[in-house]
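Colleague: how would this look folded up:
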Amino acid sequence: MYGFTGKVLIADLTDGTCAIEDLNLEWAGDYLGGPALGARYLYDLMPANTPVFAPESVLGFVTGPLNDTKSFMGGRYTVVCKSPVTGGFNDSSSGGEFAVHMKRSGFDAIFVKGISKTPVYLFIDDGNAEIRDASAIWGLKTLETEAALKEETGCKDICAALIGPGGERMSYMAAIMNDGHRAAGRGGSGAVMGSKRLKAVVCRGTYKVQVKDPDEITRINRSWKEYSEGPIAGMMSTWGAHGTASNYESAVFTSDAGIKNWGGVPAGLSDEQVQNLTGASMDNKYFVKKVACNSCPVGCGAMLRVKSGNHDFETARPEYETLGSFGSMLLNGDEVSVNICNMLCNEYGYDTISFGATIAWLTECYENGLFTIDELDGIDLRWGNSSAIVAMAERICDYKGIGAALNGASRKASEILGRGSEFLTVAGGIEPGHHCARNNPAMARTFTFDPTPGRHVKGGRGVGTGFAPPEVKYNFDGTGEQDKAGVIRAEFDNLSGVCHFNHFLERDAKYKYLSAVTGNDLTEEYLSNLGLRSFTIRSAFNIREGLRRRDCTISERLIGKPPLTDGPLAGVTIDIEKLGDNFYEALGWDVETGTPTKEFLEKVGGLEAVIRDMYPE
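Modeller: Model prediction:
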């Protein structure tokens, strides 16, 4: 089967076995890969209502058919599991090199169940898999772990998806890291990995993915150069130079980025505070080299060498979301402290979005007298106090004092500490990405009603809607069909393995790549059903867990209840229920419960298991 290895690995850490199965070709045709194929396997492998940290809970690593095919920007893989944060389906993707190494090791997907009695890692080498002792590397930070694995295996050409101390302690903010600074960060996937005492999944191999028409892939790649020097030349120049960090300044001044735990306005930050955190400013001071994911001609990443005062360290340049989390969310304009926090999250294995937002939540609680300075271990956590922000980040990483509770992320920390719920800013229980739902109502719908809530890279009308004029973006009538179309497009990105920034490719290049890889004729009907099927199988996992539309929640502050009285978003309130109604109506689902009808399931196809569960004879 073109684009696939045809093999799936299922490791059981309880009994120490590794089983190799043939890829279910019917499922591969219906779901391709990534979160969709992962959700379909989890639907079968995990019984309904399995506790997140139970032996029966399954963690999956799933590639896409574009991985390792020389298709530009086809370098992403997905981690799937049940989320300890939301209690529902979780998928989180990552770039770098791991997807390619996993394919070359001989597997399209790796699923892990059971719990090991002692720390272990999974070593996969050219189609062979074994579970190895990881006691000597348990407790190491991420870069230390990578180095130790290369030394222990005697292989310099491995690539590992691994956890740091955050995952070992089962923090709800724990990420699964690869390539030093790439992260499958959201939803606590690292906590699930840590609960199984699985330190790493290590891959190497020489398997070559077969593609139907390699010459067509080469042709599409060659056409990119001309395209990149034409319509998108300006954007390409900026993005290629400074990556997602190039968006920070404009996002702050339009209130797209979170400001002061989503309760502030741009006037709360000086021009200097914002400028210090722009990609151009940091690159001018600290740039070392560019970094790119596999098969990416853009290269939006970079390594920095931060030398300032007593500090001298190398770290990946913070992404836009990280700048929002440790910058504007905390009214912080000190670039050294932001880079320190970014480095700590990478080294300890944490999701920067939830990590920074949790500190912002605690800051607002402290500023409002809910905690004393003694309860914060002597840290005077005021807005913009960069040294206090770093001290609190270190407290979380060290799992000491107040930091132990904060490892649960903001909502769980509020429950543990018994206060602060009024200052939570979450969607479905998780801190959302930095695209303000009040500035962009399209994100309000996605944050709230996607089966994996709070994500800025999920489908819908998208981030770009935030640039529309007010009379367009704040018109809550007739949004459903556009919303549905956006879901179909975005689901394809996630399940194919292509980066969401594929707008740097020619229009429809991602579809041309898949056709060249698989040899299949991608009709409009096929692509539509593919996207809808992907969204539905992820939703079906949640439905089987008992989750319904009533459980899709978002903090009132995030949608302007009450509205801000100052700044660009003054007076804005989002009609989230109307947006939800429109979306479910366009899908043809039951609007009240947010569940697919039997007619919808039969029309889309490939969802027989869902039909059996939802509509038994």
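Colleague: pLDDT of stretch 221-235, averaged?
Modeller: Stretch 221-235 comes out with an average pLDDT of 86.
Colleague: what's next to it, contact-wise?
Modeller: 70-72, 236, 297, 503-506, 509 (C-beta atoms under 8 Å, 6 or more residues apart in numbering). In short, each C-beta sits where N, CA and C put it, glycine included.
Colleague: Just the ones of the residues you listed in helices?
Modeller: Judged by DSSP state H, the contacts of stretch 221-235 include 236, 509 as members of helices.
Colleague: who does whichever helix or strand Lys199 is part of touch, helix- and strand-wise?
Modeller: In this assignment (DSSP states H and E), Lys199 forms part of strand 198-204. Helices and strands touching strand 198-204, by 3 or more C-beta pairs under 8 Å, 6 or more residues apart in numbering; DSSP states H and E, are helix 98-104, strand 109-113, strand 120-125, helix 142-153, strand 159-162.
Colleague: Make TSV out of these and add mean pLDDT, mean neighbour count and distance to Arg382.
Modeller: As requested, those are exported to TSV (pLDDT from 0 to 100; neighbours: other C-beta atoms under 10 Å; distance: least, C-beta to C-beta, whole Å):
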stretch	mean pLDDT	mean neighbour count	distance to Arg382
helix 98-104	98	27	39
strand 109-113	98	25	43
strand 120-125	98	22	42
helix 142-153	97	18	31
strand 159-162	98	26	35
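Colleague: what does stretch 571-579 contact?
Modeller: So stretch 571-579 is contacted by 437-439, 441, 444-445, 448, 474, 476-477, 479, 483, 554, 559-565 (C-beta under 8 Å, 6+ apart).
Colleague: Hmm, I typed the wrong one, I wanted stretch 395-414.
Modeller: With contacts defined as C-beta under 8 Å, 6+ apart, stretch 395-414 is touched by 85, 165-166, 169, 171-173, 188, 344, 347-348, 350, 354-355, 357-359, 361-362, 375-377, 379, 392, 394, 415-417, 420-421, 424-426, 429-431.
Colleague: Any buried residues in it, and which?
Modeller: 395-397, 399, 401-414 (16 or more other C-beta atoms under 10 Å).
Colleague: Out of these, list just those in helices.
Modeller: Per DSSP H, the subset of the buried residues of stretch 395-414 in helices is 395-397, 402-406, 409-414.
Colleague: Can I take it that Asp312 is in a strand?
Modeller: Yes: judged by DSSP: H, G, I helix; E, B strand; the rest coil, Asp312 forms part of a strand.
Colleague: Test my guess that it contacts Val306.
Modeller: Yes: with contact defined as C-beta atoms under 8 Å, Asp312 counts as touching Val306 (7.3 Å).
Colleague: The two: who's more crowded?
Modeller: Neighbours were counted for Asp312 and for Val306 using other C-beta atoms under 10 Å; Val306 has more, 20 against 9.
Colleague: mind checking which helix or strand the more buried one is in?
Modeller: Counting by DSSP H and E, Val306 is part of strand 301-308.
Colleague: What residues sit buried inside that strand?
Modeller: 301-304, 306.
Colleague: what's next to the strand holding Lys199, contact-wise?
Modeller: Contacts of strand 198-204 (C-beta under 8 Å, 6+ apart): 13, 59, 61, 98, 101-102, 104-105, 110, 112, 116, 119-126, 134, 137-138, 145, 149, 153, 155, 157-163, 168.
Colleague: so what strands line up beside that strand?
Modeller: strand 120-125 (parallel), strand 159-162 (antiparallel) (DSSP bridges).
Colleague: Also compute the angle for the first one relative to strand 109-113, please.
Modeller: Inter-element angle recorded for strand 120-125 and strand 109-113: 150 degrees (by axes from the mean of the first three to the mean of the last three C-alpha atoms, to 10 degrees).
Colleague: which strands and helices sit next to the helix or strand just after strand 120-125?
Modeller: The first helix or strand that comes after strand 120-125 along the chain, using DSSP H and E, is strand 128-133. Here strand 128-133 touches strand 7-12, strand 17-22, strand 120-125, going by 3+ C-beta pairs under 8 Å, 6+ apart.
Colleague: Which among the ones you listed is found nearest to Val463?
Modeller: strand 7-12 (33.6 Å; C-beta to C-beta).
Colleague: could you give the mean pLDDT of the closest one?
Modeller: Strand 7-12 shows a mean pLDDT of 98.
Colleague: now for that strand, which elements pack on it?
Modeller: For strand 7-12, the elements it packs on are strand 17-22, strand 109-113, strand 128-133, judged by 3+ C-beta pairs under 8 Å, 6+ apart.
Colleague: what does the last one contact?
Modeller: Outside strand 128-133, the residues that touch it by C-beta under 8 Å, 6+ apart are 9, 11, 13, 16, 18, 20, 116, 118-123.
Colleague: how about JSON lines for these, with distance to Met614 added?
Modeller: Shown next, in JSON lines, are the contacts of strand 128-133 (distance: C-beta to C-beta, whole Å):
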{"residue": "Leu9", "distance to Met614": "30"}
{"residue": "Ala11", "distance to Met614": "31"}
{"residue": "Leu13", "distance to Met614": "32"}
{"residue": "Gly16", "distance to Met614": "37"}
{"residue": "Cys18", "distance to Met614": "34"}
{"residue": "Ile20", "distance to Met614": "32"}
{"residue": "Ser116", "distance to Met614": "35"}
{"residue": "Thr118", "distance to Met614": "41"}
{"residue": "Pro119", "distance to Met614": "40"}
{"residue": "Val120", "distance to Met614": "38"}
{"residue": "Tyr121", "distance to Met614": "39"}
{"residue": "Leu122", "distance to Met614": "35"}
{"residue": "Phe123", "distance to Met614": "40"}
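Colleague: and of these, the nearest to Arg550?
Modeller: The closest of the contacts of strand 128-133, once distances to Arg550 are taken by C-beta to C-beta, is Leu13, at 35.9 Å.
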